[in-house]
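> For reference, the sequence and a predicted model appear below.
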Amino acid sequence: MPVPFIDLSRLVKEISADVLTDWKGCLERCEFVGGPSVTAMEKKLREVLGVPHGLSCANGTDALIVALQLAGVKPGSKVALPNLTFWATYEAVAQLGATAVLIDIDETDLQMSFDEFTKAHAAHKFEAALLPHLYGWTSAHLADFRAFCKEHHVFLVEDGAQCFGVEVKGEPILKQAAVGTVSFYPAKVIGGAMDGGAITMQTEAHEKLARSLCNHGRSDHYSYAHVGWNSRMGGMQGAFLGRMLDKTAAVVANRRKAAEMYREKLAKVSGGKIKVWGPPAGVSENGYLNVLTVEGKKGQELVDKLKAAGIGAARTYPETMDIQPPAKPAIRFGDLAKSKAFCDRVVNLPLFYGIREEEIDASVAALVTAIG
Ligand SMILES: Cc1ncc(COP(=O)(O)O)c(C=O)c1O
């Protein structure tokens, strides 16, 4: 049985009738950039994420760039980030002319290593940091990162592109983030009908600045307080995301259950060879990704075999930041060996809203055959 890596239609079909009605209204009102649908979506978003302040923007990469500007990051600034993340995390730092300080991962939770982070801070005194919450969970040391950054005046931006619906000790993960970001790229846990993003924060002053930065740095229609960007959301996207946000609890529960099913089924067939990675204690995952490694096997070899068997497997991520040619100017802290080793081995099996148990079974069986 072929299994796609992702099938967005299983979720989209559940909201499409309502969305079409909403979109008809947007067209009739010519509600194209901003407007009531975006305002209503932003309110819902703040409620779902449990944050006092937050706004939408054009995509998750812009959200990172604007968040770093809230931190005052500029040419010459140093910003810490993990050596294993999506390229946008690096890109946001480089786009502002700042220097990235690349930090190795923690081999227990696959997130940026807190231990290496504190050592890198002593050596390089970075003034800001990007902490991506990757794979559908977060670091076991989230509270330590927040406390350390507060104490050492490091402006911490939490990249929440992959963690929508994750809970830490029963609370939405970004609730306590000084500044957090969201990506509504369609393949995310809560995805849009096109690119989209959001920035969350604790203070009104940060929200005001972020709103201005996302809208050409305006202080008034033709007066400008900053050199900003055009990073605004359209009405039709706002309406679509409003409908998606209503489904957050059901989507996260469904994905979590599928992630758990993989864990149980793979434990039974693996003879201890397959490791399915997951959240540290106190963290509830959102089922964004299935992340596994197989003892003695290269990830690429397994993914090639899975794809040949019709299973839409992937590798998040096959390469680290430090080997990308545009990352030449970055500061590399330590040997970054753990992130490099993990890239070689990682495999992701299909995991999405509405995946059926027989599709999970087919993916598990194909992996067993691929292992040989
Ligand atoms: C960790 C991480 N950061 C940033 C982004 C960028 O978001 P976007 O694609 O919406 O620009 C993504 C996803 O695409 C991501 O996974």
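Sure, I can see it. The shown structure was predicted, so the numbers you read here are calculated from the model rather than taken from an experiment.
> Every contact and neighbour count from this point should use C-alpha atoms.
Noted.
> so the closest residue to the ligand within the stretch 101-250 of the chain bridges to which residues?
Taking C-alpha to the nearest ligand atom as the measure, the stretch 101-250 of the chain has S183 as its residue closest to the ligand, at 4.1 Å. Residues in a beta bridge with S183, per DSSP bridges, are G197.
> Surely it is in contact with G60?
Yes - judged on C-alpha atoms under 8 Å, S183 makes contact with G60 at a distance of 4.0 Å.
> intersection of neighbour lists for those two?
Applying C-alpha atoms under 8 Å, 6 or more residues apart in numbering, one finds that S183 and G60 are jointly contacted by A161, G196, G197, A198.
> Which of those ranks first by neighbour count?
Using other C-alpha atoms under 10 Å as the contact criterion, the top neighbour count among the shared contacts of S183 and G60 goes to A161, which has 29 neighbours.
> Just want to check the distance between it and L302.
A161 is 27 Å from L302, where distance means C-alpha to C-alpha, to the nearest Å.
> Show me which residues of this structure are close to the ligand?
Applying the criterion C-alpha under 6 Å from any ligand atom, the portion of the chain that neighbours the ligand consists of 59-61, 85-86, 88-89, 132, 159, 161-162, 183-185, 195-197.
> Give me the subset of those that lies in strands.
Those of the residues of the chain next to the ligand mapping onto strands are P132, D159, S183, G197, per DSSP state E.
> Bridging across strands, which residues link to the first one?
For P132, the beta-bridge assignment (DSSP bridges) gives partners D159.
> Would you check that it makes contact with F164?
No - counting by C-alpha under 8 Å, P132 does not reach F164; the two are 11.9 Å apart.
> Which of those two has more residues huddled nearby?
For P132 versus F164, the count of surrounding residues by other C-alpha under 10 Å is larger for F164: 29 against 26.
> so who does that one touch?
Taking C-alpha under 8 Å, 6+ apart as the criterion, F164 is in contact with G136, V182, V189, I190, N286.
> what about S139, how many neighbours?
If we define neighbours as other C-alpha under 10 Å, then S139 has 25 of them.
> give me every residue that touches it.
Counting by C-alpha under 8 Å, 6+ apart, S139 touches D109, L110, Q111, M112, H133, P279, P280.
> Next one: the fourth one from E91, what distance?
Distance from M112 to E91, counting by C-alpha to C-alpha: 17 Å.
> These two: which is more packed in?
For M112 against E91, the residue with the higher neighbour count under other C-alpha under 10 Å is M112, and the figures read 31 against 17.
> Return the residues in contact with the closest residue in space to the more buried one that isn't next to it in sequence.
The shortest distance from M112 to any residue that is not its chain neighbour, by C-alpha to C-alpha, 6 or more residues apart in numbering, is 4.4 Å, and that residue is I105. I105 makes contact with P82, N83, L84, Q111, M112, S113, L336, K338, S339, according to C-alpha under 8 Å, 6+ apart.
> Now do I105, the pLDDT please.
Note on I105: pLDDT of 98.
> Have a look at S183 and G60 and say which one is more surrounded.
Shown here are S183 and G60; by other C-alpha under 10 Å, S183 has more neighbours (31 against 26).
> if we can go back for a sec, any chance of a markdown table for the ones in strands among the residues of the chain next to the ligand, columns pLDDT?
Compiled in a markdown table, these are given as follows (pLDDT from 0 to 100):
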| residue | pLDDT |
| --- | --- |
| P132 | 98 |
| D159 | 98 |
| S183 | 98 |
| G197 | 98 |
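> Cheers, nothing more for now.
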